[in-house]
Structure formats: C-alpha cells, structure tokens
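J.: just to be clear, the model below is a prediction. Sequence and coordinates:
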Amino acid sequence: MTEDRSEIIAAELRRRGLGPPALLLLQAHRPLRPLLCSLALFLQPISRPLLGARAELLQQALDDDQAYDALLDRLARDEGTR
C-alpha cells in the first residue's frame, strides 16, 4: 500500500513537471515533517475540494515514515533515469 501511494503521488508530480522541485523540497524539509503533517491536516478543508482523493493520499504519505521515504526514493529514481 505504501508503494502504491508513493507511486500515485510521484506520477502526479511528474505529470505536472514538479518531480525535481518536489524532491528537493521533501529532502530539505524532512526535519519539519511533523509540522507539515499538521499543516496538511489544517489545510484539508481547502485542499480536499482542489485535489479530491489525492489530498487524502498526500496526508497519509506525510503521516507515514515509510510512505515518505518511498516517495523520496521514487522521485530520486525518476531523476536518476533522466
């Protein structure tokens, strides 16, 4: 399940051309992940209408250490293939 979530989020970021910036920001803000979880939860009333079901996936990926690491790994692998 963790790999599925990270792949969905990584695919959406790639589709929008945001893979490299997202990788950089996720790596740089790793120590702030608990704060980002709270912020994502706080912004759910705004993000849910904009992102739909992907807002829940993003929240789950931020809450789960393994999902966060899988997302980082997936984005890093994508950048390594270019």
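T.: That came through, no problem.
J.: alpha carbons only for contacts and neighbour counts from here, please
T.: Fine.
J.: residues in contact with the lengthiest helix in the chain: which ones?
T.: Determined from DSSP state H, the single longest helix within the chain is helix 65-80. With C-alpha atoms under 8 Å, 6 or more residues apart in numbering as the contact definition, helix 65-80 has outside contacts at 2-3, 5-7, 9-10, 19-20, 23, 26-27, 60-62.
J.: 10 Å instead?
T.: With contacts defined as C-alpha atoms under 10 Å, 6 or more residues apart in numbering, helix 65-80 is touched by 1-11, 13-14, 18-24, 26-27, 30, 33, 57-58, 60-62, 64.
J.: which of the residues in the helix or strand hosting R33 are buried?
T.: Using DSSP states H and E, R33 sits within helix 33-42. Of all the residues in helix 33-42, those buried under the rule 16 or more other C-alpha atoms under 10 Å are 33, 36-37, 40-41.
J.: any chance of JSON lines for the residues you listed, columns pLDDT and distance to R48?
T.: Shown next, in JSON lines, are the buried residues of helix 33-42 (pLDDT from 0 to 100; distance: C-alpha to C-alpha, whole Å):
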{"residue": "R33", "pLDDT": "87", "distance to R48": "20"}
{"residue": "L36", "pLDDT": "84", "distance to R48": "16"}
{"residue": "C37", "pLDDT": "85", "distance to R48": "15"}
{"residue": "A40", "pLDDT": "83", "distance to R48": "10"}
{"residue": "L41", "pLDDT": "85", "distance to R48": "10"}
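J.: out of those, who's nearest L51?
T.: Checking those against L51 by C-alpha to C-alpha gives A40 as the nearest, at 12.1 Å.
J.: now do the same contact list for the closest one.
T.: 46-47, 55-56, 58-60, 62-63 are the contacts of A40 under C-alpha under 10 Å, 6+ apart.
J.: again, but for L35
T.: L35 neighbours (C-alpha under 10 Å, 6+ apart): 29, 41, 62.
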